[in-house]
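**Student:** A predicted structure for the sequence below; I have some questions about it.
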Amino acid sequence: MPYLPVSLSIIEEHLCEMVDGVVAFSEVRDGIRVYEFPELFDTAPVVFPDGVCVYSGDRLPLSDDAVLGASHQEALEKHLLDLAERTAWPSEAVWEHELLYLASGSEGPIRIADVAGHSRMTLRQVKQKLAALAKRGAARLEVNFEKGKGAYSFPLIDYSSEAYVRNDHFIRRHPSSLKDELENKVIRSLVHIIIILLGCLLVAFAARVPFPLTLLVGLIAAVFSTWKVFRTKKTVESI
């Protein structure tokens, strides 16, 4: 996924098509889904050379950190754009890439609170998305029963910030991915409005300030808070 701006379901679909019990196998091992190709066990690992298209072997510009040549990258993006019109893969990919990027910057299991502190999503959304990844075998939930805390472990991932920004920028060009971001901002705005209104009630009763006056101030603060939430673009920083 660090190399391609696609959803996990697209990768899973192609990997599952390869599984035939002869050349390719798949199983869940210690909570993580693993795909094995026995014919490659005794071969040396293939290292992608820098500055070379992994599809054609053609040289890439020295200033480009992409892994595909311009023509192949354009063909891939066109295919993904066409696919986005029939499926909602960008709405999945936008948060999958975010969580995997955050996981790549940590050593060992990561706590839900740590992920939420660096994510653009709310704490509830992070909990739901991490649980969904664990259910699919992309992560493993590790619970400390003594402390009552849960953490998630991921396979080792090398995901640079440059690659994440490039992939995230492409994914967010699709309406379905922008819908998730809009829903997140609406939730944040509602939480801020509720806190402001509760604060107005507290001030009105505790300080005996006329309620209409505190309500007016609260409405102004709510409008400003909502404007700020929708205007601010939160960046994702690695853990």
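**Tutor:** Here it is on my side, so go on.
**Student:** Tyr164 is in contact with Ala103, isn't it?
**Tutor:** No. The pair Tyr164 and Ala103 fails to qualify as a contact (C-beta atoms under 8 Å) at a distance of 11.5 Å. The way it works is simple: take the backbone N, C-alpha and C, and place the C-beta from them, glycine included.
**Student:** what's the next secondary structure element after the helix or strand of the chain with the lowest mean pLDDT?
**Tutor:** Across the helices and strands of the chain, mean pLDDT, DSSP states H and E gives its lowest value to helix 175-206, namely a mean of 74. Downstream of helix 175-206, the next assigned helix or strand under DSSP states H and E is helix 211-231.
**Student:** and Ile196, how far from Arg188?
**Tutor:** Distance, Ile196 to Arg188, using C-beta to C-beta, to the nearest Å: 13 Å.
**Student:** can you check Lys78 too?
**Tutor:** Remark: distance between Lys78 and Arg188 (C-beta to C-beta) = 34 Å.
**Student:** among those two, which residue is more densely surrounded?
**Tutor:** Using other C-beta atoms under 10 Å as the criterion, Lys78 and Arg188 rank with Arg188 on top: 20 against 10.
**Student:** what about that one, distance to Leu102?
**Tutor:** Taking C-beta to C-beta, one finds Arg188 at 19 Å from Leu102.
**Student:** same check on Ser225?
**Tutor:** Separation of Ser225 from Leu102 (C-beta to C-beta): 26 Å.
**Student:** next one: Pro5
**Tutor:** Relative to Leu102, Pro5 is positioned 17 Å away (C-beta to C-beta).
**Student:** more neighbours: Ser225 and Leu102, which one.
**Tutor:** Each of Ser225 and Leu102 has its neighbours counted (other C-beta under 10 Å); Leu102 has more, 24 against 17.
**Student:** tell me how many other residues crowd Glu39.
**Tutor:** Using other C-beta under 10 Å, Glu39 has 10 neighbouring residues.
**Student:** ok, now the one 10 residues further on?
**Tutor:** When counting by other C-beta under 10 Å, one arrives at 11 neighbours for Pro49.
**Student:** again, but for Glu98
**Tutor:** 22.
**Student:** correct me, but it touches Val115?
**Tutor:** No. The pair Glu98 / Val115 is not scored as a contact, 9.3 Å apart, by C-beta under 8 Å.
**Student:** against Thr214, how distant is the residue lying farthest from the centre of the chain?
**Tutor:** Note on the chain: the largest C-alpha distance from the chain mean falls to Arg208, namely 46.6 Å (C-alpha atoms, centre = their mean). Here Arg208 is placed at a distance of 10 Å from Thr214 (C-beta to C-beta).
**Student:** Ala222 too?
**Tutor:** Distance of Ala222 to Thr214, computed by C-beta to C-beta: 12 Å.
**Student:** how many other residues sit next to the nearest residue to Met18 once chain neighbours are set aside?
**Tutor:** Spatially, and ignoring its direct neighbours in sequence, Met18 is nearest to Ala24 (4.3 Å; C-beta to C-beta, 6 or more residues apart in numbering). Look at Ala24: counted by other C-beta under 10 Å, it has 17 neighbours.
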